[in-house]
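Novice: Here is a sequence together with a model predicted from it:
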Amino acid sequence: CGGSVRGKTVSLLGLTFKPDTDDMREAPSLSIVAGLQDAGAKVRAYDPEGMEQARPLLPGVDFAQDAYACAEGADALVIVTEWNAFRALDLARLRRIMAPAGSAPVLIDLRNIYEPASAVRYGFTYRGVGRVLTN
């Protein structure tokens, strides 16, 4: 995000510890959200099953109705939990609805579910865990 997330909108997809559950115990999203908020980011989130359990644990987070509403206007999108629904996102649509034209929105793929070259082709600055930086 250019070195700082202060004043930026960062959207998280997946809040639960693992997919197909509403379990928030030891979920990585808890510390990710806290770190982003401490750094001055506005955080928006969506999870197919765990939002009701997450709400009391994540004060100040704006909860979205679906993955696309979560990504709308965001500077960065972070895939935290590898839900099957997140494996089939329309990257062209995400690019259109995210950060304003002229900037490359950031896609942080903590589960490496997307190929870096594909994300870059759609105009994202892509970062995956343990992957070589592609742009």
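Specialist: Arrived safely.
Novice: which ones are touching the residue nearest to the spatial centre of the chain?
Specialist: Centroid check for the chain by CA atoms, centre = their mean gives residue 78 as the closest residue, at 2.3 Å. When contacts are counted by CB atoms under 8 Å, 6 or more residues apart in numbering, residue 78 is found next to 10-13, 32, 108, 110. For every residue, glycine as well, the C-beta is placed using N, CA and C.
Novice: Nearest to residue 96, out of the residues you listed: which one, please.
Specialist: Checking those against residue 96 by CB to CB gives residue 11 as the nearest, at 14.7 Å.
Novice: Please name the nearest non-neighbouring residue to residue 26.
Specialist: Leaving aside its sequence neighbours, residue 26 sits nearest to residue 17 (CB to CB, 6 or more residues apart in numbering; 5.8 Å).
Novice: Which helix or which strand is home to the one you found?
Specialist: Using DSSP states H and E, residue 17 is not contained in any helix or strand.
Novice: Do a quick rundown of the strands in this protein.
Specialist: 9-13, 42-46, 62-63, 76-79, 106-109, 125-128 (DSSP state E).
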